[in-house]
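Undergrad: Next comes the sequence, and after it the predicted model I'd like to discuss.
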There are 4 protein chains.
Amino acid sequence: MVPKINIDQLAIVLVDNNNEFLSEEGKLYPLVEPMTEGGAIVGRMNLLLASARQRNVPVFHLPLSFSSDYQEMGTNPYGINATIKNAGALRKGTWGAQVAYTIDTANDTVIAGKSTTCAFASTNLNEELRNRGVRQIILGGLLSNICIESTMRTAYGYGFEVFALTNCSAALSQEAHENAVENNWPMFSYPIDVEKLVSSLRKTRWFA
Amino acid sequence: MVPKINIDQLAIVLVDNNNEFLSEEGKLYPLVEPMTEGGAIVGRMNLLLASARQRNVPVFHLPLSFSSDYQEMGTNPYGINATIKNAGALRKGTWGAQVAYTIDTANDTVIAGKSTTCAFASTNLNEELRNRGVRQIILGGLLSNICIESTMRTAYGYGFEVFALTNCSAALSQEAHENAVENNWPMFSYPIDVEKLVSSLRKTRWFA
Amino acid sequence: MVPKINIDQLAIVLVDNNNEFLSEEGKLYPLVEPMTEGGAIVGRMNLLLASARQRNVPVFHLPLSFSSDYQEMGTNPYGINATIKNAGALRKGTWGAQVAYTIDTANDTVIAGKSTTCAFASTNLNEELRNRGVRQIILGGLLSNICIESTMRTAYGYGFEVFALTNCSAALSQEAHENAVENNWPMFSYPIDVEKLVSSLRKTRWFA
Amino acid sequence: MVPKINIDQLAIVLVDNNNEFLSEEGKLYPLVEPMTEGGAIVGRMNLLLASARQRNVPVFHLPLSFSSDYQEMGTNPYGINATIKNAGALRKGTWGAQVAYTIDTANDTVIAGKSTTCAFASTNLNEELRNRGVRQIILGGLLSNICIESTMRTAYGYGFEVFALTNCSAALSQEAHENAVENNWPMFSYPIDVEKLVSSLRKTRWFA
C-alpha cells in the first residue's frame, strides 16, 4: 500500500540530471536520447519542480562529475564508468558536469561531489535531508537502473520512504528502464508517474 | 573482459549468510529454500572458504541483524524489511542473527552491525578491506537481487573490482535470481560461478 | 546560551563504556582507574540511565572492539590504538569488549561494530538517531579527549546539538580530561554535569 | 617513533584553505590574520606543494562551503558554525568558498562538498586516497583545533598514518593552536614542521 505523502517530511532528489545526459550537446546525450524523447523528461522534471516550489518542498540536484583523470573510478573502470571515461564525459568544472541548463535550480540546493552511483556515498545528502526532518523522498533523474536505483537502495536502507518517478527517469534502453521499474524498484520504493505525484502534491493538505 | 585475479589484493565478502536464511530452523529459511537446494549453497560457500584459506585470502562474513524493535528500518518498513520484521527474524543476539552454524568462520572476520541492504553502510567493511590493500572482492551470500546487489553497487562505486558468485547466492525465486545475475550484476561486477573461481584461485600464482 | 532540552528529540549516547575500561578485571582499567574513582562514573551513568528510562529517552551504548589481529587499526598502530593492541585488549567476543556488567542495558540499544574513535564512523548510529527524530544528544563515556571528543565533533558536523557530560567521562589523566572539557568540548558541545542534566530531564515537560 | 615516509603511499591533504580564511578580502581573514602572518602560511603551503609536485605526490584541497541558508549546520548553529553563518561566509559559488587564489591548484584535485569539520564526512576523500593506495597523509590548513583535528581524528580511526603540519596551519589564537598541536595532535598524528617535512620529501628515495 502506497503511504500518504506528508508534505512536511518530503524532499525531491534528482540525480545525474547533467547537461552531459540531458542537453543535445552533451557527450552522453546520444546514449539516452531514445528515452529522453526530445526533452520530454526535462519537461516533466520542470513540472515537478514548479509544483514543489508552490508547496515549499526542498529540492536537491546531484549532478555526477569526476576529476580529469577519473581516479575516483579505481584502477580499471568497467561498466558505465568505462563508458563515461572513454567518452571523456562529466569532468569537473566543465559544462557537461553541471545540471542541465534547461532545468531551473535557482531556488534549490545543488550538491557537488557525487562521483559514485549512489548519491549518498560521497556527499552530505543524508545530513541535508535529516536536518530538514525529511523522511520521504521523491526520486528521479538518470539512469533508472544505475544511479537512481543505487540511490534508492541506500535511501531504503537508511529508513526513508521513497517515491520513484517512473517517467522522470531514463536508462540506456526502454527494456533496461522497464526491467528496473518493474522488477527492482518495487522492492525499495513506491514507483509512481510524475503526473500522479504532482496531482497528489497539489491536493496534499492544500486546502487543509 | 574479465580481469585477472590478483591474490594479494583479493578478499571474500559473504553477506547475510545467517542461520535465519540458511539453516533449516531459520525463520526465513522457507523463503529461500527452493533456491538454496538443501544446503548446496552452503556447500559451495565452504568449498570457496577452504580454497581461500589455502591461499590466505581474507574472508569477511557480514550477517544481517536488527534491534528488537526494528527501528533501523525507519517508521514504516516496506519490502524485504517488512517481511523480516513481520517474521520477527534476525533479532540481534539471537541464533538466527548469527552466521549459519554450517559455515566455518574460525579463521575469518565476522563483522557485526550490518542492518541495511548494503554491507558497507553501517560497518567498517571499507576500512577492513582498504587497510589490507584489497582492490578485488569475491562477493556471495543472500539475496542476489537485494543485499548482494546493493553491496556490489557500492563496491563498484568505491572503485573495487567485484567478482560476483552466480551459484553461491540465492533470491526468493529462481526468476528473481536470474534477472539480477543477467540484467543487473554485469553492470557492476564480473559474474562467475564458484567452481570456475575456485579453479582460478588454485592456479593463480600457485607455483610462482 | 545552552539550548533547552527537547525530550522528544533527545537521545543518550555512551561510548566505550566497556568492561575493559570500567570493570576492575579489565585490561585497560588501570589506565583510567585514577579518574573513574572506584566506580563513581558507573554510578553516575546508572543515575542518568534510570532518569532516561523514566522519560523514555532512547539510550545507545557503543562499546569499542577489534578483531583479534587489530587489522582495523591499519598497518602501524600508534597512539591509543597501539596501547590497546599492546594490551591485547578489546578483542571481539571477549568479556572486555562488552558493555561493563555494572551498567544495566536491558532496555537500551547496544550497537556493535565501533572500531574507531568516532562512534558514527563504522556503525549505524546516525540512522538509529535520525529515524527516531533525534536532534539532541547527551554524550558520555570514555575517553574524554579521544572517543568522546571524536564522536562529539562528528555529531556537531552533522548538525546535532550535543550535551557533553563533564563528570560521566574520563581520560588517562585529570589534566587531559580537563583540557578536553575546557578547551575543546565548548567548541562542539554544551558541557554539563550529570546531576544538572538529570535535574533538567526531570523537569522538562514533566508535568505538561 | 616517527615512521618513514613512503613516497608511493603518500598524499597531501589541505583543508579549509579558502579565500575566506587566507585572502585579505576574505570574511574570516580578520579572525586568523594574527596567526597567518601576512601570508606566511600560504607561502609554506606553496613550498610544500612545489616539493610534492616534484615527487608526484597527489595533492587534495578541500575548501569548506555551505548552502546559502546554512542548512547543513542543523537547526541551531553554535560554535564555529555560528561564527561562519553570522559572517555570511563560505557560501557555495562565491569567491570566498574557493581555494585561496594565492595557492596554485593547477595539478591537484580540488574536492567540493566539504560542509562539516571533518574532510571525510561529506566527500569522496577516502576513496580518492584509497584508490591511489595512499596510507600516509600530510595534513595542513585551517583551523588547527577544529577542521584539521577533526579530519586527523577520522584519518587516524581509518588506519592512515598522519603527518600534521605544525606551521602550515592556524587557529583563532596562538594559544588555541599550541594547545591542539601539543596536547591533541600527538594522540592522532606525527606533528612536524613543513621545512623538516619538505627536506624529508626531497631525500626520500630521491637517489634510489
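TA: Done, it's in. Residues are numbered from 1 along each chain as shown, chains lettered A, B, ... in the order given.
Undergrad: going forward, measure contacts between C-alpha atoms and count neighbours the same way
TA: Fine.
Undergrad: Give me the sheet partners of the longest strand seen in chain A and which way each runs.
TA: When chain A is parsed with DSSP state E, its longest strand is strand A:161-170. Using DSSP bridges, the strands paired with strand A:161-170 are strand A:136-142 (parallel), strand A:190-192 (parallel).
Undergrad: How far does the next helix or strand after it sit from its chain's centre?
TA: The helix or strand immediately downstream of strand A:161-170 is helix A:174-179, counting by DSSP states H and E. Here helix A:174-179 is found 17 Å from its chain centre; the criterion is Cα atoms, centre = their mean, to the nearest Å.
Undergrad: Could you do stretch A:26-40 as well?
TA: Computed by Cα atoms, centre = their mean, the separation of stretch A:26-40 from the middle of its chain amounts to 15 Å.
Undergrad: And the contacts of that stretch?
TA: If you take Cα atoms under 8 Å, 6 or more residues apart in numbering or on different chains as the criterion, stretch A:26-40 is touched by A:19-24, A:42, A:84, A:87-89, A:96, A:169-174.
Undergrad: now chain A, which segments are flagged as low pLDDT?
TA: A:204-208 (pLDDT under 70).
Undergrad: so where do the helices sit in it?
TA: A:19-22, A:29-36, A:40-54, A:80-86, A:125-131, A:149-158, A:174-179, A:185-188, A:194-203 (DSSP state H).
Undergrad: got these as TSV, with distance to C:Asn184 and mean neighbour count columns?
TA: Shown next, in TSV, are these (distance: least, Cα to Cα, whole Å; neighbours: other Cα atoms under 10 Å in any protein chain shown):
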stretch	distance to C:Asn184	mean neighbour count
helix A:19-22	45	28
helix A:29-36	51	18
helix A:40-54	41	17
helix A:80-86	43	16
helix A:125-131	23	22
helix A:149-158	31	26
helix A:174-179	52	16
helix A:185-188	42	21
helix A:194-203	46	16
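Undergrad: Tabulate the ones you listed (TSV), appending distance to D:Pro186.
TA: Shown next, in TSV, are the helices of chain A (distance: least, Cα to Cα, whole Å):
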stretch	distance to D:Pro186
helix A:19-22	46
helix A:29-36	52
helix A:40-54	50
helix A:80-86	40
helix A:125-131	30
helix A:149-158	36
helix A:174-179	53
helix A:185-188	45
helix A:194-203	54
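Undergrad: May I have the phi/psi pair for A:Ala171?
TA: Torsion angles at A:Ala171 (phi, psi; degrees, to the nearest 10) stand at phi -120, psi -170.
Undergrad: Please look at it and A:Asn145 and confirm they touch.
TA: Yes - the pair A:Ala171 and A:Asn145 qualifies as a contact (Cα atoms under 8 Å) at a distance of 6.5 Å.
Undergrad: Determine the residues that are contacts of both of these two.
TA: Common contacts of A:Ala171 and A:Asn145 (Cα under 8 Å, 6+ apart): A:His177.
Undergrad: what does chain A put close to chain D?
TA: A:67, A:71-75, A:109, A:111-113, A:115, A:121-124, A:127-128, A:131-132 (Cα under 8 Å from any Cα of the partner chain).
Undergrad: Go again with 10 Å.
TA: Within reach of chain D by Cα under 10 Å from any Cα of the partner chain, chain A has these residues: A:66-75, A:92, A:108-116, A:120-133.
Undergrad: Buried ones among those?
TA: For these, a burial check counting by 16 or more other Cα atoms under 10 Å in any protein chain shown picks out A:66-67, A:70-74, A:92, A:108-116, A:120-133.
Undergrad: Against chain C, which of these make the cut? List them.
TA: Within these, those near chain C by Cα under 10 Å from any Cα are A:124, A:126-131, A:133.
Undergrad: Redo those as TSV? Include distance to D:Met35.
TA: What follows is those, written out as TSV (distance: Cα to Cα, whole Å):
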residue	distance to D:Met35
A:Asn124	31
A:Asn126	35
A:Glu127	32
A:Glu128	33
A:Leu129	37
A:Arg130	36
A:Asn131	34
A:Gly133	39
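Undergrad: Looking at the residues you listed, which one is closest to D:Arg153?
TA: A:Asn124 (19.0 Å; Cα to Cα).
Undergrad: Not counting sequence-adjacent ones, nearest residue to the closest one?
TA: Leaving aside its sequence neighbours, A:Asn124 sits nearest to D:Ser122 (Cα to Cα, 6 or more residues apart in numbering or on different chains; 4.5 Å).
Undergrad: Check A:Ile84 too.
TA: A:Ile84's closest residue in space is A:Leu90 (Cα to Cα, 6+ apart), at 7.3 Å.
Undergrad: show me what contacts that neighbour?
TA: Neighbour list for A:Leu90: A:16, A:18-21, A:26-28, A:63-68, A:70, A:84, A:96-98, A:115 [criterion: Cα atoms under 10 Å, 6 or more residues apart in numbering or on different chains].
Undergrad: separation between it and B:Gly26?
TA: Using Cα to Cα, to the nearest Å, A:Leu90 is found at 47 Å from B:Gly26.
Undergrad: what does A:Leu142 give?
TA: As judged by Cα to Cα, A:Leu142 and B:Gly26 stand 39 Å apart.
Undergrad: Just want to know which of those two has more residues nearby.
TA: Between A:Leu142 and B:Gly26, A:Leu142 has the larger neighbour count (other Cα atoms under 10 Å in any protein chain shown), namely 26 against 19.
Undergrad: residues near the residue nearest to A:Asn46 when sequence neighbours are not counted, how many?
TA: Closest residue in space to A:Asn46, ignoring its immediate chain neighbours: A:Ile103 at 6.4 Å, by Cα to Cα, 6+ apart. Taking other Cα under 10 Å as the criterion, the count of residues near A:Ile103 is 16.
Undergrad: For the residue nearest to A:Asn124, give me its contacts.
TA: Applying Cα under 10 Å, 6+ apart, the residues contacting D:Ser122 are A:113-114, A:120-127, C:157-158, D:112-116.
Undergrad: hmm, back to that, okay, the strands paired with strand A:161-170, which one's buried deepest?
TA: Ranked by average neighbour count under the criterion mean count of other Cα atoms under 10 Å in any protein chain shown, those are headed by strand A:136-142 at a mean of 26.
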